[in-house]
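J.: Sequence first, then the predicted structure, then my questions.
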Amino acid sequence: MTINTKQFGDEGEEIAVELLEEKGYKIIERNYRFGKGEIDIIAMDPETNFTVFIEVKSRKNLEFGDPVYAITKNKIKQIKRMAELYLYDKEIKEIDCRFDVITVLLRGKQKPIVEHYVNAFM
């Protein structure tokens, strides 16, 4: 049985949330939508108290390269715009924040390979 792209992405996000919770992050929101855009995960870093906007990229294999390479200049621009809209929507004026990326390589029955890129871009 094959799973669709949304189910696949959801599985990767679940793994990312588990990793963040293991590290002590507090999940503030998942799949925040504003207009046509989305932020996968918004969390609080327990060590810095930064609000972290997190993009999750999942892949089944490396046929199209490491999932981190899916974070293009346009994707970064979109994520930053969504973060601005989130802050506007929630009426947050002052906040320390950063952008992280979590990549998940799902390899069938093998344990997934998960990488957390802290402060991935500015």
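T.: Thanks, I have it.
J.: contacting residues for Gly24?
T.: Gly24 makes contact with 46-47, according to C-beta atoms under 8 Å, 6 or more residues apart in numbering. C-betas here are computed from N, CA, C, even on glycine.
J.: ok, so what distance separates it from Asn49?
T.: Distance, Gly24 to Asn49, using C-beta to C-beta, to the nearest Å: 12 Å.
J.: what do you get for Lys93?
T.: Computed as C-beta to C-beta, the Lys93 to Asn49 distance reads 16 Å.
J.: Looking only at neighbour counts, state which of those two leads.
T.: Between Lys93 and Asn49, counting by other C-beta atoms under 10 Å, Asn49 is the more crowded of the two (10 against 7).
J.: Please report the distance of that one from Arg98.
T.: Separation of Asn49 from Arg98 (C-beta to C-beta) stands at 11 Å.
J.: Provide the secondary structure category for the closest residue in space to Tyr117 that isn't next to it in sequence.
T.: Among residues not flanking Tyr117 along the chain, Val101 sits closest, at 4.4 Å (C-beta to C-beta, 6 or more residues apart in numbering). In the three-state summary, Val101 is assigned as strand, counting by DSSP: H, G, I helix; E, B strand; the rest coil.
J.: burial count for Val101?
T.: Count around Val101 with other C-beta under 10 Å applied: 25.
J.: Please save the CA atoms from the helix or strand containing Leu19 in CSV.
T.: Element membership for Leu19, per DSSP states H and E: helix 5-22. C-alpha atoms of helix 5-22 as CSV (Å, rounded to 0.1, in the frame of the first residue of the first chain):
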residue,chain,number,x,y,z
THR,A,5,2.1,12.9,-0.3
LYS,A,6,0.1,14.5,2.6
GLN,A,7,0.2,11.3,4.7
PHE,A,8,3.9,11.1,4.0
GLY,A,9,4.5,14.7,5.0
ASP,A,10,2.4,14.2,8.1
GLU,A,11,4.5,11.2,9.1
GLY,A,12,7.7,13.3,8.8
GLU,A,13,6.1,16.1,10.9
GLU,A,14,5.2,13.6,13.6
ILE,A,15,8.8,12.4,13.8
ALA,A,16,10.0,16.1,13.9
VAL,A,17,7.6,16.9,16.8
GLU,A,18,8.8,13.8,18.7
LEU,A,19,12.4,15.0,18.3
LEU,A,20,11.6,18.5,19.4
GLU,A,21,9.7,17.2,22.5
GLU,A,22,12.6,15.0,23.4
